[in-house]
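>>> Provide a 3D model corresponding to the input given below.
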Amino acid sequence: MITVHALTRKYGDFTAVDDVSFTAQPGRVTGFLGPNGAGKSTTMRVLVGLTPPTSGTAEVCGRRFADLPNPGLTAGVLLDASAQHAGRTGREILTVAARTMGLPATRVDEILELVSLTPEEAGRRVRHYSLGMRQRLGIATALLGEPEVLILDEPANGLDPAGIRWMRDLLRGYADRGATVLLSSHLLHEIEVIADDLVVIGRGRIVAQGTKAELLEAAGTVVRSSERDRLAVALSASGIHHTPTDDDTLRTEADPELVGRVALQAGIALHELRPADGAGLEEMFLELTADTQREGLVA
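Just a heads-up that it's a prediction; the model follows:
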């Protein structure tokens, strides 16, 4: 389990993380989402002991990361796949990590096979690795000690579609066996496919958190009609706030049943009426973080 409570990290007058609290549960994948500069990486760095908090706590399995007796056996971490010794081979990096954790040498071969790095690739110096190969090596290092917690920042960077599918299945299976997986990614579709729970951060503060189903359900209702203007008038007359999303479609926070009833009473034919969760995670994410986007308000 991962527990972050009232976590704040300041750099001078700038507050990078502001009173952040959330929990990542065993047996579940928690997606950690936010725009660039929102505080995701800072939170993760505090969590794994690379950056001290200004206040608050961040614990892995009830302890600070620095207090874990053999951290790699409890928490596997991948924050930057490029932060590996470029002059060593992949096998050498894993061998050093295995010796540090007190693992048998045979574990290196097992993990290389798991992440699909061939013997030839494992014997190549990391400076000659592609970004995708570095990601696989980083994931291998994180999984080496068979930890009960995984903390991964953008693990899909550099992976091709087949590699992303492989990573998704690997992490899903790992969580299904009881592990805690905290996953940060800008690839919202991948988070939508794999995550059980979501934590959304913007400008250093949590703007939403809950199960994926809860957050997507809260996104409201999508309704489409060739008589959109008449429908908009009818919804307004019933006190239902709405916004247009394209030529024929409106979006509202009202329940689909209520929207359908208003349309029926007004004699308006609907071509589509559905919960907005079908619009996907990207739309919800942009709405929740609209005032934190670097590009300004995003429609």
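>>> show me the contacts for Leu73.
Neighbour list for Leu73: 101, 145-147 [criterion: CB atoms under 8 Å, 6 or more residues apart in numbering]. To be clear about C-beta, it is placed using only N, CA and C from the backbone, and glycine gets the same treatment.
>>> I should have written Leu159 there, sorry.
Contacts for Leu159 (CB under 8 Å, 6+ apart) come out as 132, 135-136, 166-167.
>>> Now the buried members of these.
Neighbour-count burial (16 or more other CB atoms under 10 Å) is assigned, among the contacts of Leu159, to 132, 135-136, 166-167.
>>> could the residues you listed be laid out in TSV, adding distance to Gly37?
Below are these laid out as TSV (distance: CB to CB, whole Å):
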residue	distance to Gly37
Gly132	25
Gln135	22
Arg136	28
Trp166	30
Met167	25
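>>> Filter these down to the ones in helices?
132, 135-136, 166-167 (DSSP state H).
>>> Helices of the chain, start to end?
40-47, 71-74, 90-101, 106-114, 119-122, 131-143, 161-176, 188-194, 212-217, 228-237, 256-265, 281-288.
>>> for those, which one sits closest to Ala81?
When the helices of the chain are compared by CB to CB, helix 131-143 sits nearest Ala81, at 4.1 Å.
>>> Okay, buried residues for the closest one please.
Buried residues in helix 131-143, counted by 16+ other CB under 10 Å: 132-143.
>>> distance from the centroid: which residue in the chain tops it?
Most distant residue from the mean C-alpha position of the chain: Gly267, 43.3 Å away (CA atoms, centre = their mean).
>>> Was I right to think Met1 contacts Pro26?
Yes: shown here, Met1 and Pro26 form a contact pair, counting by CB atoms under 8 Å, at 5.7 Å.
>>> Touching both of these two, which residues are there?
Here Met1 and Pro26 share the contacting residues Thr180, scored by CB under 8 Å, 6+ apart.
>>> So, low pLDDT: which residues of this structure?
Along the chain, the model assigns pLDDT under 70 to residues 217-219, 246, 277-280, 283, 287, 290-299.
>>> Got the domain ranges for it?
2-210, 220-279 (automatic domain parsing).
>>> start to end distance for the first one?
To tie it back to what came earlier, the one meant is domain 2-210. Using CA to CA, to the nearest Å, one end of domain 2-210 lies 15 Å from the other.
>>> Report the contact partners of Glu121.
Glu121 neighbours (CB under 8 Å, 6+ apart): 90, 129, 133.
>>> Can you get me a residue count around the first one?
Taking other CB atoms under 10 Å as the neighbour definition, Gly90 ends up with a count of 26.
>>> now do the second one
Here the count is done by other CB under 10 Å, and Tyr129 has 22 residues near it.
>>> you'd agree it is up against Ala140?
No: applying CB under 8 Å as the test, Tyr129 and Ala140 come out as separate, 12.0 Å apart.
>>> For the two, list the residues in contact with both.
Residues touching both Tyr129 and Ala140 (CB under 8 Å, 6+ apart): Gly90.
>>> circling back to that earlier point, just flag the most distant two among the buried residues of helix 131-143.
Maximum pairwise distance among the buried residues of helix 131-143 (CB to CB): 16.5 Å, between Gly132 and Leu143.
>>> For the spatially most central residue of the chain, which non-adjacent residue is closest in space?
A centroid search over the chain (CA atoms, centre = their mean) returns Gly31, at 2.9 Å, as the residue closest to the centre. Nearest residue to Gly31, sequence neighbours excluded (CB to CB, 6 or more residues apart in numbering): Ala195, at 3.5 Å.
>>> likewise Ala208?
Ala208's closest residue in space is Val200 (CB to CB, 6+ apart), at 4.4 Å.
>>> Tell me how far that neighbour lies from Ile191.
Separation of Val200 from Ile191 (CB to CB, to the nearest Å): 10 Å.
>>> which residues are common contacts for these two?
Shared contacts of Val200 and Ile191 (CB under 8 Å, 6+ apart): Leu33.
>>> Which residues are in contact with Asn157?
Contacts for Asn157 were tallied using CB under 8 Å, 6+ apart; they are 81, 131, 135.
>>> ok, the second one touching Ala81?
Just to be clear, that refers to Leu131. Yes: between Leu131 and Ala81 there is a contact under CB under 8 Å: 6.8 Å.
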